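*Asks:* Sequence and predicted structure are below.
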Amino acid sequence: MKSQNKFKSIYCFTGKGGVGKSVIALALAHCLATQAQGRKVHFFSWEANSSAEKLLRPLGINDGTIVDDSRSVIEYLQRKLGKIVGNWIGNTSFFSSVMQVVPSIRYMLSLEEMIKSLTDSSDKVIGVFDAPSSGHMLVMFKSFESYIQILKKGVVFEDILHAQSLLRDPQFCKINLITLPSVFACNEALETQENLVSMGWKKKAIEIYLNQSFLSLKENIPSTQMPSFFSKKIFLEEKILSDFGPTIQGIFPYTAHQDLSELVQELSGMSNLMKLLI
Amino acid sequence: MMFTYAKEKIQIGNTTMIAAKQFEIFCGLGGVGKTTLAAARALHLALLGRKILLITIDPSRRLKDLLQIKEENAGKIESVPLSNFSENAEGFLDAILLSSSVTLARVIEPSLAEKVSQNTIIKTLTGTYSGLTEVLAPMEMFYFYNKNQYQTIILDTPPGRHFIDFLDSYQRIRQFFDQRVINGLRQIKKLKFNPVDLSMKKIIGVDPWIFVHKILNEGIRKILEYLEKITDRSFLNEFINSLELIYGARGAFLNLLEKWHLLQDKNFANWFLVTAVEQDRILELLELHKKAKGIVHSDSYLILNKCLSSYWDMKDGNNSKDVSNSNDERNNNLGKQAKNSKLNKIRNSLYDKELNLKKIALSTFSEDRILEFLEILEEPSFAQLLLISEGWNTFNQK
């Protein structure tokens, strides 16, 4: 484990849908909760009622928040204009109907609130953010740029400018892009990285990890005994690695578990990989 | 455990299944293969001679990899020659990567188009990764429906909760264009938004409607006054301008939206809920399905994608589930009584996942509404897409 001051304030996990973002995010949160003494770990999730949410307590992760973007605008207005006024404006049909058709405002303000909760906390908190899949995560991050451009000045402008600068700061925020051994998932990871860089993120703050690798089976089973299904999988994976290899920071093996909690614990025990994620 | 497959059932029953409808919508959680199956369906129908338009609204736009569409062509109709897939095939498969700005330009009257394209707020908010694609998707679909060029319009939706955003778009757009909001805005415009001067005495008494407007208007003015405290006057003016411009296209939006009921009509729309064996998230999908009830009609299909059944070793285990005759070929595909314990564990886990998925599927959907697609162990290519599209044939036996 790196020394404590090396921890970032927030770790974002994204990637194509179904790549295992939540599981790896949970694994890191679990690992940090048990090893980063003196720090609290706060897990942020985007999906309500997800199986990840139910695991937080059993895994010893102190806090968990489901990011509810439908509330974020009202909460922001309440913070800035007072409870009564904020609530009133947020619930008028005029305001809410406009907000309904531009979800990017809600995404952005919920992220702003999340960052504020981390920076305001008197404890040393590490946030782990199980973000939406990469397309919608880019929508979230892009919205900062859009509204900075639109607003030009004012309180909201200052707030989102500040949040954006923290998100872009490699000391504050690290983005772990999870991918699978498939062309689609790897293309999406690379594109996400490029897009983030074009939006002002530092390339070194964005790392790509391959999940569900079957490669390690090769060490245990002679090729003559390898069932054809797995040989084919491994063959495809090796092709992926020859095409995308240099961009991949680490490889998580496929682990067979029926139970999500066991899976998370096994992954979080892979200390070399966890160190890389940090 | 014994399972009969939808596929098998159809073959035995000789029934015609999955007739193409005017609209076909693919939805599900992330990474289950929605885009691939939607493209395969489009290709399958196009090869049968139907005029097809395939629209993807997922901002990650994986469709461009599948059909080799360039990102800069987003929004435009891309006509992919069918000869790419099958040498002698004639005709095209049309596809669009939805672009908010292009859709907006299609929907609104040409007279407004230029003004709209110059408004900085609208311009910025309809750029790439704007987050508007879910709301604009029905507009795009119904625009092309009204053009009457396509026999089937296939929609590839974004994952999970963003699919719900798409389902909500009908309500959201209608709310947005609520007449009362517009009346209020008109008054603001007339009076020129001026937060300091709230006096409207001149108007009261002239027309009772204006009094109503005044109240609404004052509400909105009050909101704008507060918003000015945290934003900026010139922004708010531009904001009101942008709303006014969009409200100018209200008629066009609401006209298109009138077609929404077609999506709820069994005779006009097929809904495909997609899940994949490798993920244990069918419960989350069914939850999504529940939320979508009332919009997604009861006659929808559940697709189990990436099934491994063709790789199972028939002689190993107690299952009697495979319907194929080519057992010999399949023996050892997944390893007959593999000696390695690690391998056995992975194998069993994959096997159990698939069994479990099918069990849950059958408890919620009737057999003839469950479709299976096999895991394809190849890199994506035109040839692969053709192969997957043939999977749709199996369900189409007459």
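*Replies:* Arrived safely, thanks for sending.

*Asks:* how close does residue A:191 sit to residue B:97?
*Replies:* Separation of residue A:191 from residue B:97 (C-beta to C-beta, to the nearest Å): 13 Å. All C-beta spots, glycine's among them, are computed from the backbone N, C-alpha and C.

*Asks:* okay, and the common contacts of those two?
*Replies:* Here residue A:191 and residue B:97 have no joint contacts, going by C-beta atoms under 8 Å, 6 or more residues apart in numbering or on different chains.

*Asks:* Hmm, residue B:119 and residue B:239 touching each other?
*Replies:* No - in this structure residue B:239 lies outside contact range of residue B:119 using C-beta atoms under 8 Å: 9.7 Å.

*Asks:* Pull up the residues of the stretch 1-150 of chain B that are close to chain A.
*Replies:* Within the stretch 1-150 of chain B, the residues that sit near chain A (C-beta under 8 Å from any C-beta of the partner chain) are B:29-32, B:58-62, B:65, B:120-121, B:124-125, B:127-132, B:134-135.

*Asks:* how about a cut-off of 7 Å?
*Replies:* Selection of the stretch 1-150 of chain B residues close to chain A by C-beta under 7 Å from any C-beta of the partner chain yields B:29-32, B:58-60, B:62, B:65, B:120-121, B:124-125, B:129-131, B:135.

*Asks:* Which stretches in chain A count as helices?
*Replies:* Under the criterion DSSP state H, helices of chain A are mapped to A:21-35, A:51-55, A:69-81, A:83-91, A:93-101, A:103-120, A:134-151, A:155-168, A:183-198, A:217-220, A:228-244, A:260-268, A:271-277.

*Asks:* tell me the contacts of residue B:129?
*Replies:* Shown in contact with residue B:129 (C-beta atoms under 7 Å, 6 or more residues apart in numbering or on different chains): A:138-139, A:142, B:59.

*Asks:* if we can go back for a sec, list only buried entries from the residues of the stretch 1-150 of chain B next to chain A.
*Replies:* B:29-32, B:58-60, B:62, B:65, B:121, B:124-125, B:129-131, B:135 (16 or more other C-beta atoms under 10 Å in any protein chain shown).

*Asks:* Using pLDDT, spot the least trustworthy of these.
*Replies:* Lowest-confidence member of these: residue B:60, scoring 80 (pLDDT).

*Asks:* didn't that residue look like it was pressed against residue A:188?
*Replies:* Yes - the pair residue B:60 and residue A:188 passes the contact test of C-beta atoms under 7 Å, sitting 5.6 Å apart.

*Asks:* anything in contact with each of these two?
*Replies:* Both residue B:60 and residue A:188 are in contact with A:16, A:134, where contact means C-beta under 7 Å, 6+ apart.

*Asks:* So what are the structural domains in chain B, by residue number?
*Replies:* As recorded under automatic domain parsing, the domains making up chain B are B:6-175+B:267-394, B:177-249.

*Asks:* Can you give me the first-to-last residue distance of the shortest one?
*Replies:* So the one you mean is domain B:177-249. End-to-end distance of domain B:177-249: 10 Å, with C-alpha to C-alpha, to the nearest Å as the criterion.

*Asks:* By mean pLDDT, point me to the weakest helix or strand of chain A.
*Replies:* The weakest-scoring helix or strand in chain A, judged by mean pLDDT, DSSP states H and E, is helix A:51-55 (a mean of 79).

*Asks:* Residues contacting that helix, please?
*Replies:* A:22, A:26, A:45, A:64, A:66, A:130, A:260-261, A:264.

*Asks:* what comes up buried for it?
*Replies:* A:51-53, A:55.

*Asks:* What of stretch B:248-266?
*Replies:* B:248-250, B:252-253, B:256-257, B:259-260, B:262-263.

*Asks:* quick one: that stretch near chain A?
*Replies:* No - Stretch B:248-266 lies out of reach of chain A by C-beta under 7 Å from any C-beta, never closer than 10.4 Å.

*Asks:* Show the average pLDDT along that stretch.
*Replies:* Mean per-residue pLDDT for stretch B:248-266: 93.

*Asks:* Quote the end-to-end distance of that stretch.
*Replies:* 34 Å.

*Asks:* Looking at chain A, which residue is nearest chain B?
*Replies:* Proximity of chain A to chain B (C-beta to the nearest C-beta) peaks at residue A:17, 1.4 Å away.

*Asks:* Before I go, just wanted to say thanks for your time.
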